[in-house]
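Visitor: everything below, folded, please.
(4 chains)
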There are 4 protein chains.
Amino acid sequence: MGSDVVEEGDDVLLYLDERRQFLVKVVKGKELHTHKGYVKADDIIGKRYGGVVTSHMGAKFYILRPTLKDYVRKFARRTQIIYPKDMGIIVSFSNIGPGSIVVEAGTGSGALTCFLAYHVRPSGKVYSYEIRQEFLERARENIKRAGLEKYVELKLKDIAEGIDERDVDAVVLDMPTPWLVVPQAYAALKGCGFFVSFSPTINQVERTVVELRRNGFVDVRAVEVIVRSWQAEEGRMRPRTLDISHTGYLVFARKALLEEER
Amino acid sequence: MGSDVVEEGDDVLLYLDERRQFLVKVVKGKELHTHKGYVKADDIIGKRYGGVVTSHMGAKFYILRPTLKDYVRKFARRTQIIYPKDMGIIVSFSNIGPGSIVVEAGTGSGALTCFLAYHVRPSGKVYSYEIRQEFLERARENIKRAGLEKYVELKLKDIAEGIDERDVDAVVLDMPTPWLVVPQAYAALKGCGFFVSFSPTINQVERTVVELRRNGFVDVRAVEVIVRSWQAEEGRMRPRTLDISHTGYLVFARKALLEEER
Amino acid sequence: MGSDVVEEGDDVLLYLDERRQFLVKVVKGKELHTHKGYVKADDIIGKRYGGVVTSHMGAKFYILRPTLKDYVRKFARRTQIIYPKDMGIIVSFSNIGPGSIVVEAGTGSGALTCFLAYHVRPSGKVYSYEIRQEFLERARENIKRAGLEKYVELKLKDIAEGIDERDVDAVVLDMPTPWLVVPQAYAALKGCGFFVSFSPTINQVERTVVELRRNGFVDVRAVEVIVRSWQAEEGRMRPRTLDISHTGYLVFARKALLEEER
Amino acid sequence: MGSDVVEEGDDVLLYLDERRQFLVKVVKGKELHTHKGYVKADDIIGKRYGGVVTSHMGAKFYILRPTLKDYVRKFARRTQIIYPKDMGIIVSFSNIGPGSIVVEAGTGSGALTCFLAYHVRPSGKVYSYEIRQEFLERARENIKRAGLEKYVELKLKDIAEGIDERDVDAVVLDMPTPWLVVPQAYAALKGCGFFVSFSPTINQVERTVVELRRNGFVDVRAVEVIVRSWQAEEGRMRPRTLDISHTGYLVFARKALLEEER
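Guide: Reported below is the predicted structural model:
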């Protein structure tokens, strides 16, 4: 994942503390702006990752190599509701890894697309469906910025009208009506393939699990993933007072073959 | 990840329901034993994954392709405390993916080793340290069964005595005293590399975060991952009555460079 | 709540440890049976509460004065789903205290009835509706055993057919269809009075809050109460591995006056 | 708890919605100020509780009778960390009710004092210790405002220097070092009496449970109470996105008699 030294064109994460971190692109001659003053790009080109740079206001930033999580946070708009915690569980529970063929909808900002693409490299592929042109364009830029465009095919198409791909390993849905896509997902998946959906409300989960059981899926599971952050100070260990309480629920299911296909 | 059809030598998951699923190896002429009767291996060789087979007691099993989670459950002894939920968050929060070089300790049953190896394929590698010979041997078998031995190097060595590797992307510790390994992890990691530890008690977390902050790590985070399972029945949506309440805490940190290294 | 010394006729809690505690009635000349042998009633009459007695099998029991929680646990059958945690929040959030007039349904085993009666003493009253004769009889015994019969009036009647009382402070429902009782509760409550319901599923909560908002209630709140128990051992602080994950949801609302009543 | 009609001198809760509610005292001829304009006191005197009043800016407020929870919220400063949820569990788990004799420290704003006093009425009493004179004065006013002064005795004294009362039913501590008060609590409690402490950090819990076990207490329990609020809208049921994740832990224990006292 790149050299140990910051090069022109790199994205770097200027890290002050947990709340103040800035993902910026290093362009020769430019100033990289943060809420705590700017840093000269030329001051960090050639520095080692993990080192320190000082802004013109005196703030000391660690120069970190951005992770997928950092990109996700950057791409996410306020409307973005799928979090790295949910992405990690999606990948873990549905066996997505190098070589997996994954269909996704909707693309949105491309945050989940990037996460999936990162994990299916180098021989896998993510086919991502989106019906809003402007989202698709923004996602394309984001995916390119993360360097993952080789592993993604973006499609301006309503997934409810059908999935073009066949024998895919997983279908991952982050859209308001996942239950409408259950038959399409069934058709696209290989035997044992995973259906995954993310939904903020229990009503969506209810409709989705009902459709899955009616349409040949087994091992249907609905879970909520809660990540509690701790204020970890010596002698004063405690969870944070305020935290994200809820993002959404995840539904998982596996395709069983219909009688005629066995 | 293999053919669509069950072949001799495959591992298959015979799935009855959420509580009754059996991971068995298909060997010609053998009977595959479950708590609900046996299935003849010859009856499933050549069948498609996702299909159904009936045991001699009349139980109808779905023939599923085992996922990493299924292997993890199989390998895990009662003492095993790191769960797929924690593994998913480890990979997600520390950017482990194809090509990553990861150091792990202790190997234990090899469950986490397999999970990491699966995700760093095909160009990455997991170096796993274990001090108990008998665990190492069992782990070796488990890793081989999951077909991941090419991506793992097992080491019979106490990681507290030093890590042989350098410039690694992540050090992942599932051992009783992770705080004792902080300097060794620092030496092994590249700039920005991730330290990760899993510990059942808060006292372990406390000692670990203190050592990390004293030894050049930044972005130190302690979290607890809770996955709540729902009984998802139409008209009666509710979380399960009894569930796993706690497995352990995860600590994450990133290596900053010391003054002399910048 | 009684003398410092065990008297004939008292209920006592023989406490061995968290899992083994026995609520027994002290009757002269009798043996009090536990899973760890019997204790002679005569051996504890006259002993001070907080003291120790030894069973014929050598188990050392603390002689504790039973609390309401101990009675609740004793009365509760397997089907009992309302827990002391939920009872505590009901009382706290709906201002039930000495002098409160409370209507309850269904009575069930009488566990919640006892809890409410205990807290409205000495000048308040609990009117409890139940349609199953055999439950009502059992509840009557339980309430008498807890010494709270003066503060309770049991009614063999379907609360959905109407509440006889008026100007009550709170209506507390632990029944499968609380939404059907919303108009009756409105009629029975004084202005600002509290509606409270306990339901295991979200579907019940949904129907109930919809009815409440349609029927003149304000400050409608739905919450879930989770009590996590810790294994609190020095140097090894951690939540229990397995715990109750879910019992039910609580809905609270307050009666606003209709235009014609203001 | 007072008449059905608002009288001069009453406190009323002007309720707009969950986030906007104002506890004000009704004084003839005065304007009652809220963020949404003022209401004339004379406009609500004689109105029924549960009715509606309009502010000069046109906001329609429900006129609600304040509950203890409303007082608690009003009294609580930013530093206040004990919540109604924790108060409800304290009362429920330690059997505090009408007639109970309770010792409390520190008094703080008097919020927990009020809650306890409300529940021990009319024959019980709360003895509350506080070392900061200015807090004691503020608490005195708050308790008087809630009409509970008859049931409380405030003491300007460090509880660690000894508890004056004997044979009390419960000692409830909301102070930074509860473990220092364990022997004093033991001396003050009757046999079987309850020790309760509230602490934000696990380190405090750890020290407290160790001292309790060393000093003759049994049935030692540490719990965390989590109340999750739901956004309960028809067809879109889900927990709130952001919520209070942590306030503190509760420790409960019961006094066993020492050998010489039995």
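Visitor: give me every residue that touches A:Val251.
Guide: A:178, A:195-197, A:199, A:205, A:208-209, A:212, A:220-222, B:232 (CB atoms under 8 Å, 6 or more residues apart in numbering or on different chains). Bear in mind the C-beta positions are built from the backbone N, C-alpha and C, glycine included.
Visitor: quick check: PyMOL command selecting the buried ones in those.
Guide: The buried subset of the contacts of A:Val251, as determined by 16 or more other CB atoms under 10 Å in any protein chain shown, is captured in PyMOL by this line:
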select buried, (chain A and resi 178+195+196+197+199+205+208+209+212+220+221+222) or (chain B and resi 232)
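Visitor: could I get the contacts of A:Val251 as TSV with pLDDT?
Guide: Shown next, in TSV, are these (pLDDT from 0 to 100):
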residue	pLDDT
A:Pro178	97
A:Phe195	98
A:Val196	98
A:Ser197	98
A:Ser199	96
A:Val205	98
A:Thr208	98
A:Val209	98
A:Leu212	97
A:Val220	95
A:Arg221	95
A:Ala222	97
B:Ala232	95
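Visitor: which ones among the contacts of A:Val251 map onto helices?
Guide: Secondary structure defined by DSSP state H assigns A:Val205, A:Thr208, A:Val209, A:Leu212 of the contacts of A:Val251 to helices.
Visitor: just give me the closest of these to chain C.
Guide: A:Val205 (9.6 Å; CB to the nearest CB).
Visitor: and the closest one, how far from A:Tyr249?
Guide: Taking CB to CB, to the nearest Å as the measure, A:Val205 falls 5 Å from A:Tyr249.
Visitor: now do the shared contacts for those two.
Guide: Taking CB under 8 Å, 6+ apart as the criterion, A:Val205 and A:Tyr249 both touch A:Ser199, A:Ala222, B:Trp230.
Visitor: so who does the first one touch?
Guide: Residues in contact with A:Ser199 (CB under 8 Å, 6+ apart) are A:Pro176, A:Pro178, A:Val205, A:Thr208, A:Gly248, A:Tyr249, A:Val251.
Visitor: ok, those vs B:Gln21, which is closest?
Guide: Distance ranking of the contacts of A:Ser199 against B:Gln21, using CB to CB, places A:Val251 first at 18.7 Å.
Visitor: what about that closest one, helix or strand, and which?
Guide: strand A:249-255 (DSSP states H and E).
Visitor: can you list the strands that that strand pairs with?
Guide: Each strand paired with strand A:249-255, and its direction, by DSSP bridges: strand A:189-199 (antiparallel), strand A:217-231 (antiparallel).
Visitor: go through those strands and pick out the most buried.
Guide: strand A:189-199 (a mean of 26; mean count of other CB atoms under 10 Å in any protein chain shown).
Visitor: starting at the chain centroid, how far to it?
Guide: Relative to its chain's centre, strand A:189-199 lies at 17 Å (CA atoms, centre = their mean, to the nearest Å).
Visitor: next: stretch A:186-196.
Guide: 20 Å.
Visitor: between the contacts of A:Ser199, which is closest to D:His33?
Guide: D:His33 lies nearest to A:Gly248 out of the contacts of A:Ser199, by CB to CB, at 40.9 Å.
Visitor: my read: that closest one touches A:Lys85, true?
Guide: No. Using CB atoms under 8 Å, A:Gly248 is not in contact with A:Lys85; the gap is 10.5 Å.
Visitor: so how many other residues sit close to the residue in the stretch 151-262 of chain A positioned nearest to chain C?
Guide: Here the stretch 151-262 of chain A gets closest to chain C at one residue, A:Ile202, 5.1 Å apart by CB to the nearest CB. The local packing of A:Ile202 (other CB atoms under 10 Å in any protein chain shown) involves 25 other residues.
Visitor: roughly how far apart are it and chain D?
Guide: Using CB to the nearest CB, to the nearest Å, we find A:Ile202 at a distance of 5 Å from chain D.
Visitor: where does chain A dip in pLDDT?
Guide: A:1-2, A:76-81, A:259-262 (pLDDT under 70).
Visitor: how about the residues of it near chain D?
Guide: Residues of chain A that fall close to chain D, judged by CB under 8 Å from any CB of the partner chain: A:200-203, A:228-229, A:235-248.
Visitor: among these, which ones are buried?
Guide: Taking 16+ other CB under 10 Å as the criterion, what is buried in the residues of chain A next to chain D is A:200-203, A:228-229, A:237-239, A:243-248.
Visitor: widest-spaced pair of these?
Guide: Farthest pair in those (CB to CB) is A:Asn203 and A:Met237. Separation: 37.7 Å.
Visitor: quick check: A:Gln231 vs B:Lys157, distance?
Guide: Counting by CB to CB, the gap from A:Gln231 to B:Lys157 is 35 Å.
Visitor: next one: A:Lys150
Guide: 38 Å.
Visitor: neighbour count for these two, which is higher?
Guide: In terms of neighbours (other CB under 10 Å), B:Lys157 is the more surrounded of A:Lys150 and B:Lys157; the figures are 16 against 10.
Visitor: now do the contacts for the more buried one.
Guide: So B:Lys157 contacts B:Tyr129, B:Glu130, B:Ile131 (CB under 8 Å, 6+ apart).
Visitor: from chain A, how far out is it?
Guide: 26 Å.
Visitor: which residues in chain A form helices?
Guide: Using DSSP H, helices in chain A cover A:41-44, A:68-75, A:84-93, A:111-120, A:133-145, A:182-188, A:202-214.
Visitor: how about the residue lying closest to A:Ile101 once chain neighbours are set aside: which residues does it bridge to?
Guide: Leaving aside its chain neighbours, A:Ile101 sits nearest to A:Val168 (4.6 Å; criterion: CB to CB, 6 or more residues apart in numbering or on different chains). Beta-bridge partners for A:Val168, by DSSP bridges, are A:Leu189.
Visitor: thought A:Val168 was touching A:Cys192?
Guide: No. Using CB under 8 Å, A:Val168 and A:Cys192 do not qualify as a contacting pair, with a distance of 11.5 Å.
Visitor: tell me, what's touching these two both at once?
Guide: Counting by CB under 8 Å, 6+ apart, nothing touches both A:Val168 and A:Cys192.
Visitor: give me the neighbour count for the closest residue to A:Lys47 other than its chain neighbours.
Guide: Excluding its sequence neighbours, the residue lying closest to A:Lys47 (CB to CB, 6+ apart) is A:Val6, at 5.3 Å. The tally of other residues near A:Val6 (other CB under 10 Å) stands at 23.
Visitor: ok, A:His33 - contacts?
Guide: Per CB under 8 Å, 6+ apart, neighbours of A:His33: A:Phe22, A:Val24.
Visitor: look up how far A:Lys25 lies from it.
Guide: Using CB to CB, A:His33 is found at 11 Å from A:Lys25.
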